[in-house]
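S.K.: Curious how this folds, go ahead:
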Amino acid sequence: CLYPDSHPGGMLHLRTLGAFSLLRPDGSPIAVQRRPFALLALVAAAGARGSSREKALGVLWPDADEERARHALAQTLYALRRSCRADVIDGAATLRLDPSLITADVTELESALGARDHERAAALYAGPFLDGFHLPNAGDFEQWVERERARLQRSVARAIESCATDAATAGKPREAVEWWRRAAVLDPLDGRVALALAESLESAGDVAGAVKHVHLHQALRRAQLDLPPDPALDAFARRLRVGSQEPRSASIKAASDAPAQRTLPVPENDAAQHEATSEAEPLHEDRPPTAAASARVRRHSGPRIIPW
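M.R.: As a prediction, this is how the structure comes out:
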């Protein structure tokens, strides 16, 4: 393991979001036992306020008496110091990460959330907190991980929703769709998010995509929760289906409502005269009538009078 420098390029980095690892400045992993890593994650999640030793003892050694628990904590800190070749955790009563030696994605995430830098918070959230990490015979630690995981996911979900709302307000519906998709990935069973995504798809002009997402969400809801379709989503999809039929229905209704044109009867003689006249008229004024047309005109115009 390397000795960390005092500048960010030479610091160790703790990953706890979507994966779990401790990295050297060059990106290579450091081999750390599970309990020292769990302590490191516990302290990192506490951020600048730190974690009391009593909390660490209660989460990591809940069944040990105070003396044995304190001795186990001291041994764990020593093992961590040997792995990192530095005291990355300092403090007597309160345990904190030494910011000059180590960074952590979870503390960076908390900082972005606190500064309401929603886009940075969304970018930092690579996945659930300590996803796939298990500590044998440590039920209290597992419960703490679940609480932290849920808390961070809720905070990131709110940040992503803020990004989606800002994009929609700025007149960027396609960007809003992408943000709502990320929110839907975090909680696929949230009907409110599903409706917001469907509405964004409609605003972006993808009506078919909106209807498809509603159907997928309703199927997931039925398969995983054994619940009936969400009424709000059903009403939304029904409105889209009706809306897609409105132009054709409106044209049919307009045609049926239009007053019928009456055709007046034409007397037989007048009809014959009209037919002869219309057929005899040239299509262009400078074109003489055809011989057939002239013959029809003579046939319907009565006997010719030949002067003597």
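
S.K.: how about Asp90, what does it touch?
M.R.: 96, 98 (CB atoms under 8 Å, 6 or more residues apart in numbering). (Glycine included, C-beta is placed from N, CA and C.)

S.K.: Likewise for Gln33?
M.R.: Contacts of Gln33 (CB under 8 Å, 6+ apart): 79, 83.

S.K.: which other helices and strands contact the helix or strand hosting Glu199?
M.R.: Taking DSSP states H and E as the definition, one finds Glu199 inside helix 191-203. Packing partners of helix 191-203 (3 or more CB pairs under 8 Å, 6 or more residues apart in numbering; DSSP states H and E): helix 139-169, helix 173-186, helix 207-225, helix 231-257.

S.K.: so it versus helix 139-169, what angle?
M.R.: 30 degrees (axes from the mean of the first three to the mean of the last three CA atoms, to 10 degrees).

S.K.: Now do helix 191-203 and helix 207-225, the angle between them.
M.R.: 170 degrees.

S.K.: pLDDT on helix 191-203, on average?
M.R.: Mean per-residue pLDDT for helix 191-203: 96.

S.K.: what does that helix contact?
M.R.: 161, 164, 168, 173, 176-177, 180-181, 183-184, 187, 207, 209-211, 213-214, 217, 221, 230, 232-233, 236-237, 240.

S.K.: Out of the residues you listed, which end up buried?
M.R.: 161, 164, 168, 173, 176-177, 180-181, 183-184, 209-211, 213-214, 217, 221, 230, 233, 236-237, 240 (16 or more other CB atoms under 10 Å).

S.K.: Not counting its neighbours along the chain, what's nearest Arg182?
M.R.: Among residues not flanking Arg182 along the chain, Ile160 sits closest, at 5.2 Å (CB to CB, 6 or more residues apart in numbering).

S.K.: what bits of the stretch 101-250 of the chain have low per-residue confidence?
M.R.: 244-250 (pLDDT under 70).

S.K.: try 90
M.R.: For the stretch 101-250 of the chain, applying pLDDT under 90 flags the ranges 137, 241-250.

S.K.: Give the buried residues for stretch 40-58.
M.R.: Across stretch 40-58, burial judged by 16+ other CB under 10 Å covers 40-47, 50-51, 53, 55-57.

S.K.: One more: stretch 122-137?
M.R.: 122, 124-125, 128-130, 133, 135.

S.K.: just checking, Leu240 touches Ala208?
M.R.: No: applying CB atoms under 8 Å, one finds Leu240 not in contact with Ala208, separated by 9.1 Å.

S.K.: thinking again about what came up before, among the buried residues of stretch 40-58, which one lies nearest to Cys84?
M.R.: Using CB to CB, Leu40 comes nearest to Cys84 of these, at 9.0 Å.

S.K.: The closest one: what's it in contact with?
M.R.: 14, 22, 32, 80, 88-89, 97.
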